[in-house]
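A.B. asks: let me see the structure of the following:
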Amino acid sequence: MTVAAGDDGRLRCRWCLATPEYRAYHDEEWGRPVSDEIRIYEKLCLEGFQAGLSWLTILRKREAFRTAFAGFAPPTVAAFDETDVQRLLGDPGIIRHRGKIEAAITNARATMALREAGTSLAAVFWSHRPAEGPGPAADGDVPGATTESKALSGTLRRHGFRFVGPTTVYAAMQALGVVNDHMQACAFRVEVEAERRRFRPPR
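C.D. replies: You can find the predicted model right below:
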């Protein structure tokens, strides 16, 4: 079964019914289009921190991450130094992985470099939006990576980003609404798709 009914009777992607946190994330955020650079940078960082862990772990630590990383404001994080790295390594509220912490700082600097080059992280993400399709009918229809996520991963790497492999990038594309991977029978798919049709991608 790819969808299941919640206690309100609405069909949802089955994965989201495991916990209240997943359900709220699915209903309110996942797949809804985002153009705000801070939120895109945050999502890219958090997907990197998630590697090897469950997304639920990240969701439960998200507010602590936001506090630790100054709200994920790229100009502020880009100025972090080794003192900040040590502070973050000592913060029990986040994932204390030096490589991922340093990648988040590197990615803030790369985000700022994109601005200086006359573009933005948001524009780069949305320039890799795939052609619209009918959406997944079954769990097996959802890929781990796509041609577009591989291309976006390569673009980001060329601009100096780290921890941005095709699978990590595709998870971000799903979450940010660059693709709509709600199941065809999910009650939220139509709602999300309507938002995406009204959305004007950044350029």
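A.B. asks: contacting residues for residue 195?
C.D. replies: 32-33, 177 (Cβ atoms under 8 Å, 6 or more residues apart in numbering). (C-beta placed from N, C-alpha, C; glycine too.)
A.B. asks: got those residues as JSON lines, with distance to residue 85, pLDDT and neighbour count columns?
C.D. replies: Formatted as JSON lines, the contacts of residue 195 follow (distance: Cβ to Cβ, whole Å; pLDDT from 0 to 100; neighbours: other Cβ atoms under 10 Å):
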{"residue": "32", "distance to residue 85": "33", "pLDDT": "97", "neighbour count": "17"}
{"residue": "33", "distance to residue 85": "33", "pLDDT": "97", "neighbour count": "18"}
{"residue": "177", "distance to residue 85": "32", "pLDDT": "96", "neighbour count": "24"}
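A.B. asks: just want the most central residue of the chain.
C.D. replies: residue 172 (3.0 Å; Cα atoms, centre = their mean).
A.B. asks: secondary structure element for that one?
C.D. replies: helix 166-175 (DSSP states H and E).
A.B. asks: doesn't residue 77 belong to a strand?
C.D. replies: No. Secondary structure of residue 77 (DSSP: H, G, I helix; E, B strand; the rest coil): helix, not part of a strand.
A.B. asks: which residue packs closest to it, ignoring adjacent ones?
C.D. replies: Using Cβ to Cβ, 6 or more residues apart in numbering and skipping the chain neighbours, the partner closest in space to residue 77 is residue 108 (3.7 Å).
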